[in-house]
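Visitor: When you get a sec, could you give me coordinates for this:
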Amino acid sequence: MNQLVLSARIAQAGAVRYTPAGVPALDFQLEHESEITEAGQARQVKVAVKAVTFGAVAETLGRQPIGSSWNFTGFLATPRNGKHAVFHIQSFSA
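Guide: As a prediction, the model looks like this:
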């Protein structure tokens, strides 16, 4: 199963663009920061994740302010010409 749930803030966002098929798309970057227990020790975790979303979610997310925090749900995929996974957002909530 390829499903990711992440609490993060919007760090950067481009303008909503449209695919050749006319579907709205939004590329953006998320930042997550938390403390996790690993091997019995507290660990500070920071991560920046490239993300993309399409359709109505792209239009709605594109109106959210930079710095706002959300719970994102989606999946990971590597672009055809890419080397790193991108988080494909399917939904988000407060």
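Visitor: Look at Val49 and report its pLDDT.
Guide: Val49 carries a pLDDT score of 97 in this model.
Visitor: separation between it and Val5?
Guide: As judged by CB to CB, to the nearest Å, Val49 and Val5 stand 12 Å apart. Any C-beta I mention is one placed from the backbone N, CA and C, and that applies to glycine too.
Visitor: For the two, indicate the residue with more neighbours.
Guide: Legend: neighbour count by other CB atoms under 10 Å for Val49 and Val5, higher for Val49 (19 against 9).
Visitor: Tell me the strands beside the helix or strand encompassing that one, with direction?
Guide: Per DSSP states H and E, Val49 falls inside strand 41-54. Strand 41-54 sits in its sheet next to strand 24-38 (antiparallel), strand 86-93 (parallel), going by DSSP bridges.
Visitor: can you tell me the average pLDDT over the last one?
Guide: What it means is strand 86-93. Rounded mean pLDDT across strand 86-93 is 97.
Visitor: Next, give phi and psi for the residue lying farthest from the centre of the chain.
Guide: No residue in the chain sits farther from the centre than Gly40, which is 28.9 Å out by CA atoms, centre = their mean. Here the main-chain torsion angles of Gly40 (degrees, to the nearest 10) amount to phi 80, psi 0.
Visitor: bridging residues for the nearest residue to Pro79 once chain neighbours are set aside?
Guide: Spatial nearest neighbour of Pro79, chain neighbours left out: Val86 (6.1 Å); criterion: CB to CB, 6 or more residues apart in numbering. Counting by DSSP bridges, Val86 is bridged to Ala77.
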